[in-house]
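1. prediction below, plus the sequence it came from.
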2 protein chains.
Amino acid sequence: MKKPSLTILGCHSSIPKKNFHPTAQILEIKGFSFLIDCGEGTQVQLKKAKIKFNKIIHIFISHLHGDHFFGLIGLLSTFHLLGREKSINIYAPKGLKEIIDVHFKWSYTKLKYCVNYIELSSKKLEKIIDNEKIEVFSIPMKHRIYTNGFLFKEKPSKRKLNIEEIQKIPDIKILDYKNLKLGKDFKTNNGKIISNLKLTFDPPKILSYAFCSDTSFYLPIIEHIKYVDLLYHESTFLKIEEKRAINTGHSTANQAAYIAKEAKVKKLLLGHYSNRFPNLKEFEKEAKKIFPNVEISEPLKTYYLE
Amino acid sequence: MKKPSLTILGCHSSIPKKNFHPTAQILEIKGFSFLIDCGEGTQVQLKKAKIKFNKIIHIFISHLHGDHFFGLIGLLSTFHLLGREKSINIYAPKGLKEIIDVHFKWSYTKLKYCVNYIELSSKKLEKIIDNEKIEVFSIPMKHRIYTNGFLFKEKPSKRKLNIEEIQKIPDIKILDYKNLKLGKDFKTNNGKIISNLKLTFDPPKILSYAFCSDTSFYLPIIEHIKYVDLLYHESTFLKIEEKRAINTGHSTANQAAYIAKEAKVKKLLLGHYSNRFPNLKEFEKEAKKIFPNVEISEPLKTYYLE
């Protein structure tokens, strides 16, 4: 299994510049390719990042400001033109379905695949996906309109077989492997108990990722993202523009670092930069004073959860 | 006054690739910057082409297939975020207003500027702009949904003063210049008539541009675009895929050239290439056999009307 990773497709805020890519990212974890937000131009960024369109079956839209979803209609249209049959699940606030539907109404398009809209409206943490590999939660943010962050948590994997040790015990048959992977001890034909710990290795550590954008500086986030391995937290502004951050429902790099520190996350990734600040290193510098393991996100760069 | 020019922002059809730019172009003529179609990513292309957003006050949308207008909502949102006050006119088929409105409804945006929708529904050539500098017409195309091309025709300019000759005749005062520019002869104080031709130069030739995309091979277009200086005609396919062109409501390079030849246009520009054909020179080669003055359009390249 590939190491879980986050590929940034876009990490700029809403005013376009020459090399501008609004929010979109791909989280590849446990065999899934989760698309988180889908700003204008996402489909081309996906091509550049060599992400297979057919691998995407879950799309998460944080909120209905354009820099977070104006690329979605293009992507859904392209899926259709490419003959997609696999259905897709879109987790988004109320309104998105109406927006998408009206486009297809006027182009007289009858989609070849099914779109399931999972309308988010909770004001509390809510589990929105729960399967044997992963859990996904929506986390309410504080912004100018209803907005969610998302928390992705791996489920525990099964234990790994220690084949070398297993082969020393002829009583163990392939049929017993299932129980060994589940952590059960083994009883030989003559009644001897062999500890599971001798026959298996620990599974890989459970990894988790939290996406928090867009949001004001909002302390209730902290309890939901405690100890995550990677946190993407928006930092639209630097501290010097804190007042503007408050007025627009955004955060500063300083505040993002404070959230990361209090939540004791392993690593912080900054993004959603206002174009007032041409030197992105300033964001990292400001955050580092409070939380050392910080990096600025860059389009088409991949960050690993570990 | 700048020489009239067409800057291609995008000229690809709907399936995205790495360096993909769907249809959008800027016609700069008589002081106007007309935006024709607005595929996804147009706002960034406008930035790259150094087109001032505030110069755009007329936007023409040929039809409601995504590769011709999915960039419009992003552009209109950006106008708002930049504090635009100048109103904008959008010439488009029915449906566009509903699509744009539903976006702003769900982001709770009250635009700071006014958008006037001029809903196109004519099945015949229709004059949609008529001012002292220019006339613009919608031209019905033949496509899978209601689609228009557009014809832009300069109005005749005033005659240019021949200052050297004028200075030889002391009776001519500055107040007389207006009549001279309008082509009137001059009568001296002692009743002598001086021909206007001696006192002025011809104004620059009237130039015209026609945009025809998307469309099947459709002969009725010809009469509307006769003698234009520049014709952009879609060529989604090569002749080898003529059947596919018929089925999808598109044209081949060969057919575009035939239209250009029959309409006796000065120059033909091809575009809207399907990504089945990686070598765009093939389009030019095919068209050249029928109509020699042909070029393939390329993103961010400017073509002059002359």
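-> That came in fine, so what should we check first? Numbering: from 1, shown residues only, chains lettered A, B, ... in the order given.

2. now do A:Gly183 against A:Ile193, distance only.
-> For A:Gly183, the distance to A:Ile193 equals 14 Å [CB to CB, to the nearest Å]. (C-beta placed from N, C-alpha, C; glycine too.)

3. give me the more crowded residue out of the two.
-> A side-by-side neighbour count of A:Gly183 and A:Ile193, using other CB atoms under 10 Å in any protein chain shown, places A:Gly183 first with 13 against 9.

4. from what I can see that one touches A:Leu161, true?
-> No: applying CB atoms under 8 Å as the test, A:Gly183 and A:Leu161 come out as separate, 11.8 Å apart.

5. which neighbours do the two have in common?
-> Common neighbours of A:Gly183 and A:Leu161, counting by CB atoms under 8 Å, 6 or more residues apart in numbering or on different chains, are A:Thr200.

6. against A:Phe186, how distant is A:Val294?
-> Taking CB to CB, one finds A:Val294 at 46 Å from A:Phe186.

7. which parts of the stretch 101-250 of chain A are strands?
-> Secondary structure of the stretch 101-250 of chain A (DSSP state E, counting those that start in this stretch): strands located at A:115-120, A:126-130, A:134-140, A:148-154, A:160-161, A:186-187, A:193-194, A:200-201, A:208-212, A:230-234.

8. so for chain B, which of those sits nearest?
-> Nearest to chain B, of all these, is strand A:115-120, at 12.2 Å by CB to the nearest CB.

9. what about the stretch 1-150 of chain A, any weak spots by pLDDT?
-> For the stretch 1-150 of chain A, applying pLDDT under 70 flags the ranges A:1.

10. which bits of it sit near chain B?
-> A:14-18, A:20, A:40-41, A:43-44, A:47-48, A:64-66, A:70-71, A:73-74, A:77-78, A:81-82, A:93-96, A:98-99, A:102-103, A:105-108, A:144-145 (CB under 8 Å from any CB of the partner chain).

11. if we go to 6 Å?
-> Contact residues, the stretch 1-150 of chain A versus chain B (CB under 6 Å from any CB of the partner chain): A:14-16, A:18, A:20, A:40-41, A:43-44, A:47-48, A:64-66, A:70, A:73-74, A:77, A:81, A:95, A:98-99, A:102-103, A:106-108, A:145.

12. mind checking which of these are buried?
-> Among those, those classed as buried by 16 or more other CB atoms under 10 Å in any protein chain shown are A:14-16, A:20, A:40-41, A:43-44, A:47-48, A:64-66, A:70, A:73-74, A:77, A:95, A:99, A:102-103, A:106-107.

13. who's in contact with stretch A:251-269?
-> A:217, A:222, A:225-235, A:237-239, A:242, A:245, A:270, A:283, A:286-287, A:290-291, A:293-295, A:297 (CB atoms under 6 Å, 6 or more residues apart in numbering or on different chains).

14. selecting buried members of those in ChimeraX, what would you type?
-> Command for ChimeraX, covering only those of these found buried under the criterion 16+ other CB under 10 Å:
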select /A:217,222,225,228,229,230,231,232,233,234,235,237,238,242,245,270,283,286,287,290,291,294,295,297
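
15. of the contacts of stretch A:251-269, which belong to helices?
-> A:Ile222, A:Glu242, A:Ala245, A:Phe283, A:Glu286, A:Ala287 (DSSP state H).

16. what sits against A:Ser157?
-> Residues in contact with A:Ser157 (CB under 6 Å, 6+ apart) are A:Pro203, A:Pro204.

17. buried residues, stretch A:87-103. List them.
-> The neighbour-count check on stretch A:87-103 (16+ other CB under 10 Å) flags A:Ile88, A:Asn89, A:Ile90, A:Tyr91, A:Ala92, A:Pro93, A:Gly95, A:Leu96, A:Ile99, A:Ile100, A:Val102, A:His103 as buried.

18. excluding its backbone neighbours, what's nearest A:Tyr271?
-> For the record, residue A:271 is Gly, not Tyr. Distance criterion CB to CB, 6 or more residues apart in numbering or on different chains; nearest residue to A:Gly271, sequence neighbours excluded, is A:Cys11 at 3.6 Å.

19. try A:Pro16
-> Using CB to CB, 6+ apart, the nearest residue to A:Pro16 is B:Gln43, at 4.7 Å.

20. hang on, the earlier thing: mind putting the buried residues of stretch A:87-103 in JSON lines, secondary structure included?
-> Listed next are the buried residues of stretch A:87-103 as JSON lines, based on DSSP: H, G, I helix; E, B strand; the rest coil:
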{"residue": "A:Ile88", "secondary structure": "strand"}
{"residue": "A:Asn89", "secondary structure": "strand"}
{"residue": "A:Ile90", "secondary structure": "strand"}
{"residue": "A:Tyr91", "secondary structure": "strand"}
{"residue": "A:Ala92", "secondary structure": "strand"}
{"residue": "A:Pro93", "secondary structure": "strand"}
{"residue": "A:Gly95", "secondary structure": "coil"}
{"residue": "A:Leu96", "secondary structure": "helix"}
{"residue": "A:Ile99", "secondary structure": "helix"}
{"residue": "A:Ile100", "secondary structure": "helix"}
{"residue": "A:Val102", "secondary structure": "helix"}
{"residue": "A:His103", "secondary structure": "helix"}
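
21. how close does the most far-flung residue of chain A relative to its centre get to chain B?
-> Farthest-out residue of chain A from its mean C-alpha position, per CA atoms, centre = their mean: A:Asn190, at 49.9 Å. Look at A:Asn190 and chain B: by CB to the nearest CB, to the nearest Å, they are 65 Å apart.

22. could you measure that residue against A:Lys168, distance?
-> A:Asn190 is 15 Å from A:Lys168, by CB to CB.

23. same question, A:Pro93
-> 57 Å.

24. ok, A:Leu230 next?
-> 40 Å.

25. returning to that earlier point: closest one to chain B out of the buried residues of stretch A:87-103, please.
-> Closest to chain B, out of all of the buried residues of stretch A:87-103 and judged by CB to the nearest CB, is A:Gly95, at 3.4 Å.

26. from A:Pro204, how far off is the residue nearest to A:Lys133 when sequence neighbours are not counted?
-> Spatially, and ignoring its direct neighbours in sequence, A:Lys133 is nearest to A:Lys30 (4.1 Å; CB to CB, 6+ apart). Relative to A:Pro204, A:Lys30 is positioned 11 Å away (CB to CB).
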